[in-house]
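Engineer: got a structure for you, letters missing:
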């Protein structure tokens with residue numbers, strides 16, 4: 001029989017499964033508990049995907065030789081293939097007890113523990129497998145996956161890199177490496193890893209889809225679209241790829257096509273929460289707000305803790321003036337991918353509604369952009385009025401400006417050592433804490449003031465005040481997700497320069513095309529080099545008669561200083577400007593100029609120009 005077993009084993013190695021099986025069954029007819037024949041038949045059943053049969057055969061093999069670590073490990077692996085990790089784990093543990101130095105058993109144990117959602121224990125098993133076999137590329141890859149699930153991204157990357165040293169031809173490790181590089185915001189490197197995965201596995205639809213995601217982050221839209229399309233050629237029913245393609249088309253402002261992609265994803269997977277929430281965002285951008293809310297509610301019904309859906313609902317409700325539900329949903333902002341970099345962790349507890357703060361020291365900290373901090377620092381005096389000592393933490397360029405804010409006992413720049421405090425809360429949670437509605441917005445202005453010395457310096461620096469001085473700002477942060485919508489080029493504002501006024505640029509950062517125009521138009525004064533921080537900008541604004549700006553921090557600064565400010569808004573604006581209003585409940589001195597349904601700026605600029613001529617007449 002030994003010769004027959006050797007022949008069957010050789011046939012199995014050659015891929016001749018039928019003849020190998022015939023020989024093994026011949027042996028079992030003569031000796032039903034023949035261990036090696038049962039093992040070989042089990043291996044054949046695994047290869048032919050008769051997994052239940054394979055498990056039975058390996059159990060028979062164990063009955064024939066209970067001391068065989070190989071039989072226990074084979075059964076454990078088969079049970080893992082059958083998605084029965086709870087059954088597999090004790091079998092694999094028995095294999096390890098019989099032969100503690102076999103790396104593959106520790107590897108299989110790691111897989112079982114991962115499936116049982118015990119990542120820390122799984123990591124220990126993978127570590128042991130790699131300790132026993134340092135060149136175990138697949139174990140190093142799985143180890144990286146566990147580290148990634150534990151958000152230990154740098155360690156995961158190192159594990160993937162070690163795996164690639166030993167298994168450079170393994171597409172999955174390059175794919176997983178791309179995923180962790182996306183988590184580390186290294187999108188160009190992620191694209192390279194996905195491209196290697198795609199080259200090694202030309203049919204690897206997931207790699208093409210995730211490559212599209214990374215290219216989207218890099219704003220390489222044409223390449224991203226091609227990558228999603230390739231993923232869908234390979235796997236037409238890939239719901240995630242349809243949803244991600246929709247997100248790309250949405251960012252490209254091709255809303256109708258984006259909706260079609262989301263609808264395709266939902267036809268394949270009706271409960272796809274990502275497609276539902278992204279569809280809601282798309283409908284919001286189209287101004288179809290009731291439909292957007294329906295989509296967000298559907299997404300939340302499928303996955304109640306979907307932060308993107310909750311945050312999208314918050315923005316829609318706040319835009320529509322539903323502050324009660326809007327502020328509550330707005331608390332989800334810190335849980336989504338879009339705000340991960342803003343999450344703050346403190347040992348001190350968060351200040352929550354009902355907590356007594358009289359006699360306590362409360363840290364309030366800024367988040368998101370400069371304008372958000374300027375808008376919501378108005379709540380600092382209200383917190384102080386409840387008897388708290390308020391420490392305010394802000395971005396460094398705002399520190400000097402905020403030093404004079406009423407109610408702030410101490411202002412600290414982010415990154416500086418914090419003094420001791422009893423509890424903490426984000427500034428943008430203040431409207432919820434104070435139950436702010438349209439009637440109770442704390443809109444008493446000014447609440448920010450320019451330093452007197454700076455005001456005098458700018459007064460001396462500017463030309464004599466014979467004509468109205470008008471400040472202009474036309475673009476915000478290029479990295480802002482809505483930059484293409486809210487920023488405009490300086491060339492669009494040139495018709496305003498025809499008015500009889502002194503124009504001053506309030507742009508700190510000037511883009512190349514705008515810099516060329518600034519250099520040519522000497523009538524627009526440019527003091528960008530003198531605007532070191534927001535105190536300088538505030539002092540300059542204090543010497544102006546009017547500020548005209550798109551939706552940037554300059555608007556908030558002028559409004560907080562009670563300076564007349566005209567805001568140029570896209571057809572679908574940020575939630576704080578609400579809909580159809582020409583005024584703002586947040587800033588009494590603001591006047592809003594909105595795009596119409598054409599989403600063009602020409603009509604907005606024409607309206608501003610006409611209004612500016614009237615403004616100048618009143619000051620003649």
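Structural biologist: Perfect, thanks for sending it. Everything numeric in this text was worked out from a predicted model, so none of it was measured. Residues are numbered from 1 along each chain as shown.
Engineer: Surely residue 439 forms part of a strand?
Structural biologist: No: Residue 439: not assigned to a strand; according to DSSP: H, G, I helix; E, B strand; the rest coil it is coil.
Engineer: just checking, residue 125 touches residue 116?
Structural biologist: No: taking contacts as CB atoms under 8 Å, residue 125 lies outside contact range of residue 116: 11.5 Å. C-beta: built from backbone N, CA, C; applies to glycine.
Engineer: Which of those two has more residues huddled nearby?
Structural biologist: residue 125 (26 against 14; other CB atoms under 10 Å).
Engineer: quick one: the closest residue to residue 323 other than its chain neighbours and residue 324, what's the gap?
Structural biologist: Setting aside the residues directly before and after it, residue 323 is nearest to residue 437 in space (CB to CB, 6 or more residues apart in numbering), at 4.9 Å. From residue 437 over to residue 324 the distance is 7 Å, taken as CB to CB, to the nearest Å.
Engineer: So those two - more neighbours on which side?
Structural biologist: It is residue 437, of residue 437 and residue 324, that has more neighbours when counted by other CB under 10 Å, with 15 against 12.
Engineer: Touching, the more buried one and residue 325? I think so.
Structural biologist: No: with contact defined as CB under 8 Å, residue 437 does not count as touching residue 325 (11.2 Å).
Engineer: for the stretch 151-300 of the chain, which spans come out with low pLDDT?
Structural biologist: Of all residues in the stretch 151-300 of the chain, none has pLDDT under 70.
Engineer: how about the helices in it?
Structural biologist: Ranges of helices within the stretch 151-300 of the chain are 153-166, 171-183, 187-200, 205-217, 221-234, 239-251, 255-268, 273-285, 289-302, based on DSSP state H, counting those that start in this stretch.
Engineer: Any regions of the chain where pLDDT drops low?
Structural biologist: If you take pLDDT under 70 as the line, the chain has these spans: 1, 336-343, 620.
Engineer: check contacts around the nearest residue to residue 278 once chain neighbours are set aside.
Structural biologist: The shortest distance from residue 278 to any residue other than its chain neighbours is 5.4 Å, reached at residue 247 (CB to CB, 6+ apart). For residue 247, the contact set (CB atoms under 8 Å, 6 or more residues apart in numbering) comprises 216, 258, 278.
Engineer: how near is residue 247 to residue 212?
Structural biologist: Relative to residue 212, residue 247 is positioned 9 Å away (CB to CB).
Engineer: try residue 78
Structural biologist: From residue 78 to residue 212 the distance is 36 Å (CB to CB).
Engineer: Likewise for residue 237?
Structural biologist: From residue 237 over to residue 212 (counting by CB to CB), the distance is 17 Å.
Engineer: Mind checking which of these two has more residues around it?
Structural biologist: Regarding residue 237 and residue 212, a neighbour count based on other CB under 10 Å identifies residue 212 as having more, with 29 against 12.
Engineer: Could you pull out the strands in the stretch 351-500 of the chain for me?
Structural biologist: Under the criterion DSSP state E, counting those that start in this stretch, the stretch 351-500 of the chain contains strands at 361-365, 389-394, 408-413, 423-426, 469-473.
Engineer: List just the one of these that sits closest to residue 252.
Structural biologist: The closest approach between residue 252 and any of the strands of the stretch 351-500 of the chain, judged by CB to CB, belongs to strand 469-473 at 26.2 Å.
Engineer: Now tell me what touches the closest one from outside.
Structural biologist: Taking contacts as CB under 8 Å, 6+ apart, the residues outside strand 469-473 that touch it are 462, 493, 496, 499, 501-507, 524, 540-541, 543-550, 552, 554-555, 558, 612.
Engineer: Just the ones of these in strands?
Structural biologist: Counting by DSSP state E, the members of those that fall within strands are 502, 503, 504, 505, 524, 546, 547, 548, 549, 550.
Engineer: who's the last one bridged to?
Structural biologist: Beta-bridge pairing of residue 550 under DSSP bridges involves residue 568.
Engineer: I figured it hits residue 482, correct?
Structural biologist: No: in terms of CB under 8 Å, residue 550 does not count as a neighbour of residue 482; the distance is 10.6 Å.
Engineer: who has more neighbours, those two?
Structural biologist: For residue 550 and residue 482, the more surrounded residue by other CB under 10 Å is residue 550, and the numbers stand at 23 against 15.
Engineer: distance of the more buried one from residue 568?
Structural biologist: Applying CB to CB to residue 550 and residue 568 gives a distance of 5 Å.
Engineer: what angle separates the helix of greatest length in the chain from strand 469-473?
Structural biologist: Among all segments of the chain classified by DSSP state H, the helix with the greatest residue count is helix 602-618. Compare the direction of helix 602-618 with that of strand 469-473 by axes from the mean of the first three to the mean of the last three CA atoms, to 10 degrees and you get 160 degrees.
Engineer: quick one, what contacts residue 115?
Structural biologist: 80, 83, 85.
Engineer: Now restrict those residues to buried residues only.
Structural biologist: Of all the contacts of residue 115 considered here, the ones buried according to neighbour count by 16 or more other CB atoms under 10 Å are 80, 85.
Engineer: Make JSON lines from the contacts of residue 115 and add secondary structure and distance to residue 424 to it.
Structural biologist: Listed next are those as JSON lines, based on DSSP: H, G, I helix; E, B strand; the rest coil; distance: CB to CB, whole Å:
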{"residue": "80", "secondary structure": "helix", "distance to residue 424": "45"}
{"residue": "83", "secondary structure": "coil", "distance to residue 424": "44"}
{"residue": "85", "secondary structure": "helix", "distance to residue 424": "41"}
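Engineer: Is it possible to get a markdown table of the contacts of residue 115 that adds distance to residue 182?
Structural biologist: What follows is the contacts of residue 115, written out as a markdown table (distance: CB to CB, whole Å):
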| residue | distance to residue 182 |
| --- | --- |
| 80 | 28 |
| 83 | 28 |
| 85 | 28 |
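Engineer: Out of the contacts of residue 115, which is nearest to residue 475?
Structural biologist: When these are ranked by distance to residue 475 (CB to CB), residue 83 comes first, at 53.2 Å.
Engineer: Quick check: phi and psi on the closest residue to the closest one other than its chain neighbours?
Structural biologist: Once its chain neighbours are removed from consideration, residue 83 has its nearest residue in residue 115; the separation is 7.3 Å (CB to CB, 6+ apart). Phi and psi for residue 115, reported as degrees, to the nearest 10, are phi -60, psi -30.
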